[in-house]
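[1] Next come a sequence and a model predicted from it.
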Protein chains: 2
Amino acid sequence: MRDVSIIGIGQTPVGEHWDKSLRHLAYDALAAAMRDANIERADALYVGNMLSGEVSGQAHLGALIADFAGLRGIEAVKVEAACASAAAAFRQAYIGVASGLQDIVIAVGVEKMTDDIGSKVTAGLASAADAEYEVIHGVSFVALNALIMQRYMYENKLKREDFAGFAINAHANGARNPNAMFQSEISREAFVRSSLIADPIALLDASGMADGAAAVVLCPTEQAREFSSNAIRIKGSAVATDSLSVHDRRDPLWLQAAEDSSQRAYRQAKVGPADLDFFELHDAFTIMAALSLEAAGFAERGKGTWLARDGEITLEGKIPICTQGGLKARGHPVGATGLYQIVEAVQQLRGEAGPNQIANARLGMTQNIGGSGATIITHIFEKVNQ
Amino acid sequence: MRDVSIIGIGQTPVGEHWDKSLRHLAYDALAAAMRDANIERADALYVGNMLSGEVSGQAHLGALIADFAGLRGIEAVKVEAACASAAAAFRQAYIGVASGLQDIVIAVGVEKMTDDIGSKVTAGLASAADAEYEVIHGVSFVALNALIMQRYMYENKLKREDFAGFAINAHANGARNPNAMFQSEISREAFVRSSLIADPIALLDASGMADGAAAVVLCPTEQAREFSSNAIRIKGSAVATDSLSVHDRRDPLWLQAAEDSSQRAYRQAKVGPADLDFFELHDAFTIMAALSLEAAGFAERGKGTWLARDGEITLEGKIPICTQGGLKARGHPVGATGLYQIVEAVQQLRGEAGPNQIANARLGMTQNIGGSGATIITHIFEKVNQ
């Protein structure tokens, strides 16, 4: 098995791209990553996407995007794991290079949610949950997360306001990220006053639906120096799954797949939570940020919000999260999000994170969640001395 | 890179399964493959599926099926490449084992087309073509293939009847396959009289929409003997792509991706077309059978139908195709088809193909096509002396 590194990154701004179709967004990110890596060809392309079939009437994105990007003929395929689709595509790219079958591989995540006609997006997002056990009863994806948050607040004697720190931190960082959907800070008062969407989830607990694409180029670490002077090594990579249905889990307030994939990634990387300089977690809703911090080993059960309360998740804190705004402020183009997280991790490790740079960042983790915790994909990245 | 073998196969009958949902179909095939391989666990699951989001409102099949099959927690993901989704899932399973990251891996292809409400399937199938360049003009997937067939007949001075041999052969073999959707022979007269769907494609040129699932278990060849006394080795594996839009190809009558992926697979396997004992090709329409035979090197350009005319594609012919009925008679549950082809290839190489057994079959090829030729995945399998 070969060691693998990232030699190029690219992204589009996240937002409502009325002037660009799915393939144009994917191309913009992919071409930027290829320029960054200084490559003109690739052996394979893995596309992460969740909703193009439902929303845009377009399947078959592997060949479509390969062709549009000037890579006609290469091996190309789409990978889907609901909102974890982009990290799933990255994982397959990693395995492809690790195997020795593919040398230069591109992973691109793309989502076009504003093509929606007639609330296909809401129905599409619900398809991440169990259609026959959950969605058939009329529950939307936000409502499912609201049920989890309600129970979490009850068991841990918390109020909605206790989650404020997650949204405030995300917006503080997003305000300084030129690619973020929401480049504005929010106050605690704004969070508290925010309109409820599905009690207790309010607008400012929830990430925004958006268009966007992000891409990376991977190659064997031993070849990385030929292309890049600042390659970032993939030190850990793991996927774990759980029941789609929340009611069917042993413990609805514990992200078992986050614990499992984190532990596998820690073991592979030979590190623990205390070694990490930052953690790009999947804050689709503030409750998910709390649960992720707990299951990945940064907080005890029920105490995830304490880290936000105590300022430990800011850029200067013990474990900075959402360093470029997270899903909340950067935006959540579902099938692209996992690769935005990875692109942002690479920026931090390269020292290219601009005003959001964490001093001396050498080791970072990303975690992309599909459904309300049924697919969780964890990666650990390391800056290698050049 | 490790050598990889297949140690278990499973399938459901192909047809209209009104009594089973998508997950039940997948489970039936997967459990059969696990029993066949004599395994109770696996390291990873790759699911091939095209239409579950559009037709069944269910994405996220990796975690869903892993959980339902009693494999909760394992790495699982869905792979999509239109009608080549199942072979694409198999390809990822192959790479996973080859890489050394995964030992026991399951690939399952599943499609539930009869859940359709309001012709979502026709729209879904069209999403294999280019939504913005082709489908927007109102062309259906059958119509696209009809345009190709019309041009092929014009250039090569052929009539519809010249394609009869493909359908007759497929039904002759399907009639003896207990898992086939259409277990009946057809006559040349029936083919000629068959109603036109999209001129010149008639009902008996076209494969049937169906439900079904097929699965295989893979492991490193060096471990295969622990599980199975009749493991089948994967000798070649390749994916190639082309433009989705037919008008955008250099030659609309040449499956460039079939040529490319066949040649790559031949090189890896160190064999040529003349060495193969059979070829499970992708006869979604009779025209695709002709084009596949040409691009894979079994016939000269424009002469694919000659093999059918001359009886060379029957079980006793020079290059038997569709040995269990092919897409035409076994049926074409789109995201499962590629794994039905592989299961049938393994049956032939094990000597378990029943009344359709090819004598002394030692080397076989499968080829799964997505869209009208935009993703083509070729595998070559070998019987190893036990």
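    Right, received. Where do you want to start?
[2] C-alpha from now on. contacts and neighbour counts both.
    Will do.
[3] which residues in chain A form strands?
    Under the criterion DSSP state E, chain A contains strands at A:4-11, A:44-48, A:75-80, A:105-111, A:196-198, A:201-202, A:212-220, A:232-241, A:278-280, A:363-370, A:375-383.
[4] and the shortest one, which strands flank it?
    When pairing is defined by DSSP bridges, strand A:201-202 lines up against strand A:196-198 (antiparallel).
[5] List of residues touching the strand it pairs with?
    A:142-143, A:146, A:202-203 (C-alpha atoms under 8 Å, 6 or more residues apart in numbering or on different chains).
[6] sorry, back to before: out of the strands of chain A, which gets nearest to B:Gly351?
    strand A:75-80 (32.3 Å; C-alpha to C-alpha).
[7] And chain B, is the closest one touching that?
    Yes. Judged by C-alpha under 8 Å from any C-alpha of the partner chain, strand A:75-80 comes into contact with chain B at A:75-80.
[8] out of these, who has the most neighbours?
    A:Val79 (34 neighbours; other C-alpha atoms under 10 Å in any protein chain shown).
[9] what's the nearest residue to that residue if we skip its chain neighbours?
    B:Val79 (4.6 Å; C-alpha to C-alpha, 6 or more residues apart in numbering or on different chains).
[10] Show the contacting residues for the one you found.
    A:77-80, B:46-49, B:85-86, B:88-89.
[11] likewise A:Asn356?
    Counting by C-alpha under 8 Å, 6+ apart, A:Asn356 has contacts A:173, A:176-177, A:315, A:323-324.
[12] again, only this time at 10 Å
    A:172-177, A:314-315, A:323-325, A:347-348 (C-alpha atoms under 10 Å, 6 or more residues apart in numbering or on different chains).
[13] Neighbour count, pLDDT and distance to B:His282 added to those, as JSON lines?
    Formatted as JSON lines, those follow (neighbours: other C-alpha atoms under 10 Å in any protein chain shown; pLDDT from 0 to 100; distance: C-alpha to C-alpha, whole Å):
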{"residue": "A:Ala172", "neighbour count": "25", "pLDDT": "98", "distance to B:His282": "54"}
{"residue": "A:Asn173", "neighbour count": "26", "pLDDT": "98", "distance to B:His282": "51"}
{"residue": "A:Gly174", "neighbour count": "28", "pLDDT": "98", "distance to B:His282": "49"}
{"residue": "A:Ala175", "neighbour count": "23", "pLDDT": "98", "distance to B:His282": "52"}
{"residue": "A:Arg176", "neighbour count": "20", "pLDDT": "98", "distance to B:His282": "52"}
{"residue": "A:Asn177", "neighbour count": "23", "pLDDT": "98", "distance to B:His282": "48"}
{"residue": "A:Thr314", "neighbour count": "25", "pLDDT": "98", "distance to B:His282": "55"}
{"residue": "A:Leu315", "neighbour count": "22", "pLDDT": "98", "distance to B:His282": "54"}
{"residue": "A:Thr323", "neighbour count": "30", "pLDDT": "98", "distance to B:His282": "48"}
{"residue": "A:Gln324", "neighbour count": "33", "pLDDT": "98", "distance to B:His282": "47"}
{"residue": "A:Gly325", "neighbour count": "30", "pLDDT": "98", "distance to B:His282": "47"}
{"residue": "A:Gln347", "neighbour count": "19", "pLDDT": "98", "distance to B:His282": "45"}
{"residue": "A:Gln348", "neighbour count": "26", "pLDDT": "98", "distance to B:His282": "47"}
